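Engineer: Task: produce atomic coordinates for the following.
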Amino acid sequence: MELDEVADELYGLRPQEFTAARDERARRARADGQRELAADIRSLRRPTAAAWASNLLVREQGEQVAPLLRLGEELRGAHRRLDGRELRTLSHRQHQLVDALAGKAAALASDAGSPLGQQARQEVAQTLHAVLADPDAAREWAAGRLSKPLAAAPGFEAAAR
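Structural biologist: Below is the predicted model of the structure:
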């Protein structure tokens with residue numbers, strides 16, 4: 001048993017299933033004499049509803065990862081160049097894509113038996129904006145193992161409009 005394998009499994013579960021499964025995997029690792037692994041598994045945090053839905057989006061709609069990551073690169077480049085025309089064009093695409101993906105994440109969560117509330121839906125959109133603004137956030141999101149929503153650095157969204 002390896003931490004990456006366990007983390008992939010756990011972050012694919014619904015939040016209400018996470019803790020019991022995590023504790024069971026940690027117990028098994030400890031019983032196998034892997035105390036450090038057991039501690040690492042125990043340190044994994046249960047995802048919020050928004051983080052789980054964001055993970056679900058990555059896992060179930062993997063073909064959507066690359067377009068969002070590319071758009072983030074384009075937005076960050078246009079922002080660095082202070083290219084107002086390109087920023088306006090990309091901002092329009094940003095809003096369309098974030099709205100569509102946030103809606104898809106909410107639909108996937110609902111289909112999985114855990115509908116999102118309004119706050120969680122907003123946190124999914126916030127996470128997607130963070131993915132566009134920050135390459136580190138993009139990598140974290142694309143791994144499908146978020147435990148909490150991501151937040152964009154202040155100023156990026158305003159600059160990208």
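
Engineer: Any buried residues in the longest helix along the chain, and which?
Structural biologist: Counting residues, the longest helix in the chain under DSSP state H turns out to be helix 84-111. Buried residues in helix 84-111, counting neighbours by 16 or more other C-beta atoms under 10 Å, are found at 87, 90-91, 94, 97-98, 101-102, 104-109. For glycine as for every other residue, the C-beta is placed from the backbone atoms N, C-alpha and C.

Engineer: So which of these is the closest to Arg59?
Structural biologist: Top of the list for closeness to Arg59, among those and by C-beta to C-beta, is Leu108 at 8.9 Å.

Engineer: ok so, going back, tell me the buried residues in the next helix or strand after the longest helix of the chain?
Structural biologist: Once the chain leaves helix 84-111, the next helix or strand it forms, by DSSP states H and E, is helix 118-133. Buried residues in helix 118-133, counted by 16+ other C-beta under 10 Å: 120-121, 123-133.

Engineer: Can you pull the poorly scored residue ranges out of this protein?
Structural biologist: Within the chain, the stretches with pLDDT under 70 are 154-161.

Engineer: tell me the domain ranges of it?
Structural biologist: The record, using the TED database to delimit domains, assigns the chain the ranges 3-43, 49-143.

Engineer: Can you get me the start-to-end distance on the shortest one?
Structural biologist: Taking C-alpha to C-alpha, to the nearest Å, domain 3-43 runs 11 Å from one end to the other.

Engineer: Measure how far that domain is from the centre of its chain, please.
Structural biologist: In terms of C-alpha atoms, centre = their mean, to the nearest Å, the gap separating the centre of domain 3-43 from the centre of its chain is 20 Å.

Engineer: how close does the residue sitting furthest away from the middle of the chain get to Ala49?
Structural biologist: Relative to the C-alpha centroid of the chain, counting by C-alpha atoms, centre = their mean, Gly33 is the outermost residue, at 32.5 Å. Distance of Gly33 to Ala49, computed by C-beta to C-beta, to the nearest Å: 36 Å.
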